[in-house]
Structure formats: structure tokens, C-alpha cells
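Trainee: Pasting a predicted model and its sequence here:
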Amino acid sequence: GLLSPTMAFEGHKGAVTGVAWASTRSLFTGSYDHNIVSWDVEAGTQLNVLYGPKAVNGLDYNPLNALVASCYPDNTVRVWDPRVGGNAVGPTATFQSHLQWVSSVRWCATGQHYLASASYDGSVKVWDIRAQRGATHTIESAHDGGKVLCVDWSQAGEILSGGSDNMVKSHVLTMPSSGDD
């Protein structure tokens, strides 16, 4: 049968482009209004707002390190610590080397330091948030010259990507051993 909403979370002033559970009681949303908002699910109220510089294309929450990763049309991935507040505090890390819009970002399912991003430039990149440098891995032309629209990790560390070539592709990377993941 048809389902009707049990709750509505109102407060964004632009299209909502990402949602991620933080716990059974809270979630994060990202929007074209540039903001990432954390919500109290039971009350339906805003807990915190992270004010970004650009429209948010997507986001993901990592329960292992309590950080939020977000992606943007300015070719950038930003990592936020929502525990430090939002008004005057910017992202804790910024990663740039994509050549076009970043369309999707996902934390590694089994580690707290790695995240993957997908871009309209056709690449998938893996980032180590401990290093403020370029991507640790880049999969160029992941979808035969087309845009990469989404990315996700398996529990085994395999990266899946979906692209404008109407395909889902699997990418297996050898990740460096960090000893604490």
C-alpha cells in the first residue's frame, strides 16, 4: 500500500540533496542552500547548522569518527566535525583535485580515515583525511569518459560507481595498512 510521511523536517531554503543517518535519533541533511543541518528525529527540530560556501551535492556520515563528508559543484570535497558548531567554524579538511562537479561522496565502510568521491570529470578518487594532499588513489575514466554520478563502498573495501554510461562498475583497490582502521 501507499505510505504517508510520519514527519517532515522543515528549515532548508533550497532543494535537499543529501541525507544520512547519524544515529536512530539524529540525521544530517545537505541542501542547495549551502547548509548541512543535523536534526533531532523525534522532535523534528534542528540541532546544528554547518554553513558551507556552496550548494551541497551530497553528503555522508561516518559513525567511526563522527565526521560528515560533503561534495560540491566547485570540484571540492569537504569534511566537517559537527561537534564543534557551525556558525563561525568551517570544514576541518578540504580536498580538491577533481576537475568538475563532485556528485557523490561516501566513507569507507570499514575504516575511519578513507572516503571516496565521484565526479562529472569521470573519475573516482579515494582520500585519506589524515593527509592534506591529493587523492591516495584515482580511477580515471571510471565510466569510459562519462560522468560518475554515485559511489559507495562494500564491507570488503570494494568501490562501486554508477555513471552516465548506464553501468555500475566495481573497482578493487589495495588500500595501505594504517594499523588503526
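Mentor: That came through, no problem. Numbering: from 1, shown residues only.

Trainee: quick one: Arg83 is in a helix?
Mentor: Yes. Per DSSP: H, G, I helix; E, B strand; the rest coil, Arg83 lies within a helix segment.

Trainee: Distance of the closest residue to Gln96 other than its chain neighbours relative to Glu158?
Mentor: Nearest residue to Gln96, sequence neighbours excluded (CB to CB, 6 or more residues apart in numbering): Thr76, at 5.1 Å. Glycine gets a C-beta too; all of them are placed from N, C-alpha and C. Per CB to CB, to the nearest Å, Thr76 is found 25 Å from Glu158.

Trainee: Counting neighbours, go ahead and name the busier of these two.
Mentor: Between Thr76 and Glu158, counted using other CB atoms under 10 Å, Thr76 has the larger neighbour count: 20 against 13.

Trainee: Run through the residues that contact the more buried one.
Mentor: 54, 94-96, 98, 102 (CB atoms under 8 Å, 6 or more residues apart in numbering).

Trainee: Mind checking which of those residues are buried?
Mentor: 95, 98, 102 (16 or more other CB atoms under 10 Å).

Trainee: I'd like these as a markdown table, with secondary structure and distance to Asn62 appended.
Mentor: Shown next, in a markdown table, are these (DSSP: H, G, I helix; E, B strand; the rest coil; distance: CB to CB, whole Å):
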| residue | secondary structure | distance to Asn62 |
| --- | --- | --- |
| Phe95 | strand | 15 |
| His98 | coil | 20 |
| Val102 | strand | 17 |
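
Trainee: For the residues you listed, could you give me a markdown table that also reports distance to Asp60 and pLDDT?
Mentor: Below are those laid out as a markdown table (distance: CB to CB, whole Å; pLDDT from 0 to 100):
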| residue | distance to Asp60 | pLDDT |
| --- | --- | --- |
| Phe95 | 14 | 88 |
| His98 | 16 | 92 |
| Val102 | 12 | 94 |
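
Trainee: how about CSV for these, with distance to Asp121 added?
Mentor: Listed next are these as CSV, based on distance: CB to CB, whole Å:
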residue, distance to Asp121
Phe95, 14
His98, 5
Val102, 9
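
Trainee: Just name the closest of those to Ile139, please.
Mentor: Among the buried ones among the contacts of Thr76, His98 lies closest to Ile139 (CB to CB), at 12.1 Å.

Trainee: Now flag whichever of the contacts of Thr76 is closest to Gly1.
Mentor: Val102 (38.0 Å).

Trainee: in the sheet, who's paired with the closest residue to the closest one other than its chain neighbours?
Mentor: Distances taken as CB to CB, 6+ apart put Cys71 closest to Val102, at 3.7 Å, once the chain neighbours are dropped. Note on Cys71: beta-bridge partners by DSSP bridges are Gly58, Val77.

Trainee: which stretches of this structure aren't confidently modelled?
Mentor: For the chain, the stretches flagged by pLDDT under 70 are 85-89, 174-181.
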